[in-house]
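>>> Let me see the structure of the following:
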Amino acid sequence: TTAVSTVADTAYAYRTRGVNAQGLHWADAASAFITGQITVTAPDPSASERGLDTGTFTVSRPLSTTQFPVRVSFSVGGSAVEDTDYQSLPRSVLIPAGDVSASVVVTPVDDSDDENNEDVILTLGGGPYRIGTTNIAVVSLEGGEARVFTDWREKLKISMKGYTGGEPLTNFPVLVAFSEAGVAGFAYDNFSSRPHYDLRFSDANEFESLPYEVDTWNTGGVSFVWVRVPRISSTNDFIWAFWGRGGLGAPDFTLDGSTWSNRFVDVWHMSQNPTNTTPQILDSAPVPHHCTAENMTGDNLVTGRLGRAISFDGVNDRLTGGNLGQDPAYYTIEIWAKRGGIISSYQVFLGLASANSVHMWAYEDGTVGWGDSDSPWEGRNAGWTNKTGYHYIAMGVNTEVGSDLYFDGAYRASYGITAQEAWNYLTLGMDGGPSFVGAIDEARLSTVKRSANWIRNCWSNAVSTNYCAYGRVLPAGGYGTILFVQ
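Reported below is the predicted structural model:
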């Protein structure tokens, strides 16, 4: 045996030989070892059964020792149970030639149990290398939570296939449409807490309950429900709908405005009969400002684009909303409206009045006008000449810069008007000028200037039957039938 001195943090190749009476024999292949230290860290130290979020160990060696591949052995321990809480791990990892590190990924197993947090511990083992002082690393494993609607009978996957890209949408109100003709396997008779109190929605992992509001429930046709979806960033994103559990009342969030918590000040669906007890037209926002119908009959409640709508006769029909208590620096107005016949050259369809009124109006030639009493009023051609269908008009306002007009989801023009006024009075359909002839389906006010992507998706969600893609109704796992045969 000959002793050979080595240099730290170096890779060496060697080949063994054997000598006996039969002669000299060399090994067929060379082997390698390194004098550098192998270490392990956890750059992604957290994994979770919620969303199957993985964790990562990284096994590393010095850069000066990368000439040859090296296989590093390790053992696995910790409070998490392999094959139960996370997928089985190998007991070694190969660092390829030329690389300084290799990863070991901890993939949780979604067992649907409600569990405490646990950990996975990786400890380096011996091999053709030196073991460094950093030879143990830990990945924490967040325990899963029981799925929220395991006691419901049926569920339906709803995918956001019509999402049009751009920046992610956060807490976005998605319009979901239910009908027996449009959703495979769907039946109104399968709701167990009538009329719809057992309806629920969850995120893709079925862990988080999502707030929703029923706009229109029509067991003989299409029902419209608004759902606040936490995040939409691709056409692969989806949520679940559940129903089929008896003995339930309406969830609190269907009545407290939770669906509209993302900077919405007012949301009027125009679904109520204008002859109801005052105030007739209800606001669904967290702090509501209900509207009073003036000079209207039951005939003013008509079919809208997103459910029901309120029509205006161009004479004296209007809705008033009182003091909205806002003076925002940024805001967005959204209205779904349909024009009727023209009584005069222009028609006022919204007023946010203060000491100086802020108005929106429609011209005969398709122009949308916008302005306040402090500035010259301006008109921009939106192409709103169609008098047979509903259109989506949105105005995004920065009171220091100006205003942007969107029509049917597309940017059309900008105004130099800043329209910075306190919202101490609201009118829809008429305000100090020629009255609106037509109908308004949905009207919303927000204290944020919504992005172009937000506005485009609002329009697309409402007009495209393909924005939400509906799967087939599936068993949710909460109920079954056992037959006893004697």
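
>>> drop to CA atoms for contacts and neighbour counts, all remaining ones
Noted.

>>> And for S234, the neighbour number?
Counted with other C-alpha atoms under 10 Å, residues neighbouring S234 total 18.

>>> nope, E180 is what I meant
Counted with other C-alpha under 10 Å, the neighbours of E180 add up to 15.

>>> Now it: which helix or strand?
In the assignment (DSSP states H and E), E180 maps to no helix and no strand.

>>> unless I'm mixing things up, it is touching N190, no?
No - contact between E180 and N190 fails when scored by C-alpha atoms under 8 Å: they sit 11.1 Å apart.

>>> shared neighbours of those two, anything?
By C-alpha atoms under 8 Å, 6 or more residues apart in numbering, E180 and N190 have no common neighbours.

>>> Does V397 fall in a helix, a strand, or a coil region?
Under DSSP: H, G, I helix; E, B strand; the rest coil, V397 falls in the strand class.

>>> who are the neighbours in contact with it?
Y330, Y331, T332, S403, D404, T418, A419, K449.

>>> again, only this time at 6 Å
Counting by C-alpha atoms under 6 Å, 6 or more residues apart in numbering, V397 makes contact with Y330, Y331, S403, K449.

>>> Adding distance to D28, neighbour count and secondary structure as columns, could you present the residues you listed in JSON lines?
Output for the contacts of V397, formatted as JSON lines (distance: C-alpha to C-alpha, whole Å; neighbours: other C-alpha atoms under 10 Å; DSSP: H, G, I helix; E, B strand; the rest coil):
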{"residue": "Y330", "distance to D28": "76", "neighbour count": "21", "secondary structure": "strand"}
{"residue": "Y331", "distance to D28": "76", "neighbour count": "22", "secondary structure": "strand"}
{"residue": "S403", "distance to D28": "78", "neighbour count": "23", "secondary structure": "strand"}
{"residue": "K449", "distance to D28": "72", "neighbour count": "19", "secondary structure": "coil"}
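
>>> Which of the residues you listed sits closest to T65?
Comparing those against T65 with C-alpha to C-alpha places K449 closest, at 55.8 Å.

>>> Is that closest one in contact with A329, as I believe?
No - here K449 does not reach A329: they are 9.1 Å apart, not a contact under C-alpha atoms under 6 Å.

>>> tally of neighbours for S193?
Neighbours of S193 using other C-alpha under 10 Å come to 17.

>>> Give the residue spans of the stretch 151-300 of the chain that score low on pLDDT.
Within the stretch 151-300 of the chain, not a single segment meets pLDDT under 70.

>>> Run through the helices of it in chain order.
For the stretch 151-300 of the chain, applying DSSP state H, counting those that start in this stretch gives no helices.

>>> Next up, the contacts around the residue nearest to the spatial centre of the chain.
By C-alpha atoms, centre = their mean, the chain has its centre lying nearest to R231, at 2.2 Å. Contact partners of R231, counting by C-alpha under 6 Å, 6+ apart, are L169, T170.

>>> Looking at strand pairing, list the partners for it.
Note on R231: beta-bridge partners by DSSP bridges are T170.

>>> Just give me the neighbour total for T303.
T303, neighbours per other C-alpha under 10 Å, totals 14.

>>> Repeat that for G125.
16.

>>> List the contacts of it.
S73, F74.

>>> While we're on it, how confident is the model there?
At G125, the pLDDT value in this model is 95.

>>> Distance of it relative to I131?
Relative to I131, G125 is positioned 8 Å away (C-alpha to C-alpha, to the nearest Å).

>>> ok, R91 - contacts?
Counting by C-alpha under 6 Å, 6+ apart, R91 makes contact with S73, F74.

>>> swap the cut-off to 10 Å and go again
V72, S73, F74, S75, V76, V104, L122, L124, G125 (C-alpha atoms under 10 Å, 6 or more residues apart in numbering).

>>> and it, how far is that from F74?
For R91, the distance to F74 equals 5 Å [C-alpha to C-alpha].

>>> what do the two both touch?
L122, L124, G125.

>>> Rebuild those as TSV, extending it with distance to A443.
What follows is the shared contacts of R91 and F74, written out as TSV (distance: C-alpha to C-alpha, whole Å):
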residue	distance to A443
L122	57
L124	63
G125	66
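
>>> of those residues, closest to F436?
Distance to F436 across the shared contacts of R91 and F74 (C-alpha to C-alpha) is lowest for L122, with 71.3 Å.

>>> How many residues are close by that closest one?
Counted with other C-alpha under 10 Å, L122 comes out at 22.

>>> wouldn't M296 be in contact with P274 here?
Yes - at 6.3 Å, M296 and P274 qualify as touching, with contact defined as C-alpha atoms under 10 Å.

>>> Any chance you could list residues touching both of those two?
Common neighbours of M296 and P274 (C-alpha under 10 Å, 6+ apart) are I310, L319.

>>> between these two, who's got more neighbours?
When M296 and P274 are compared for neighbours, P274 comes out ahead with 24 against 19, by other C-alpha under 10 Å.

>>> What residues does the residue lying closest to W243 once chain neighbours are set aside make contact with?
Once flanking residues are discounted, W243 sits nearest to L199: 4.7 Å by C-alpha to C-alpha, 6 or more residues apart in numbering. Shown in contact with L199 (C-alpha under 10 Å, 6+ apart): 152, 154-155, 191-193, 212, 214, 241-245, 248, 250-251.

>>> Going through those residues, which ones are buried?
Burial by neighbour count, 16 or more other C-alpha atoms under 10 Å: within the contacts of L199 this picks out 152, 154-155, 191-193, 212, 214, 241-245.

>>> Please flag which of those residues sit within strands.
If you go by DSSP state E, the buried ones among the contacts of L199 have E154, K155, Y212, V214, A241, F242, W243 in strands.

>>> ok, the second one to G369 distance?
In this case it means K155. 46 Å.

>>> just the third one next, same as before
Taken as C-alpha to C-alpha, the spacing of Y212 relative to G369 amounts to 34 Å.

>>> How about the first one?
E154 sits 49 Å away from G369, taking C-alpha to C-alpha as the criterion.

>>> Kindly report the same for the fifth one.
Taking C-alpha to C-alpha as the measure, A241 and G369 are separated by 41 Å.

>>> How about the contacts made by M430?
By C-alpha under 10 Å, 6+ apart, the contact set of M430 is 312, 314-320, 347-351, 359, 361, 436-437.

>>> ditto for F68
A11, Y12, A13, S31, A32, F33, I34, I95, P96, A97, G98, D99.

>>> thought the fourth one was touching R71?
Going back to what we said before, that points to S31. No - with contact defined as C-alpha under 10 Å, S31 and R71 do not form a contacting pair (11.5 Å).

>>> Find residues that contact each of these two.
What both S31 and R71 touch, as defined by C-alpha under 10 Å, 6+ apart, is the set P128.

>>> Any buried residues in whichever strand or helix holds L24, and which?
Secondary structure assignment for L24, by DSSP H and E: strand 23-26. Of all the residues in strand 23-26, not one is buried under the rule 16+ other C-alpha under 10 Å.

>>> ok, now stretch 185-195?
Buried-residue list, stretch 185-195, by 16+ other C-alpha under 10 Å: F186, Y188, F191, S192, S193, R194.

>>> of all the contacts of F68, which comes closest to V148?
Taking C-alpha to C-alpha as the measure, V148 lies nearest I95 of those, at 42.5 Å.

>>> wait, what's in contact with the closest one?
Contacts of I95 (C-alpha under 10 Å, 6+ apart): V59, S60, R61, T66, F68, P69, V70, R71, V72, S101, A102, S103.
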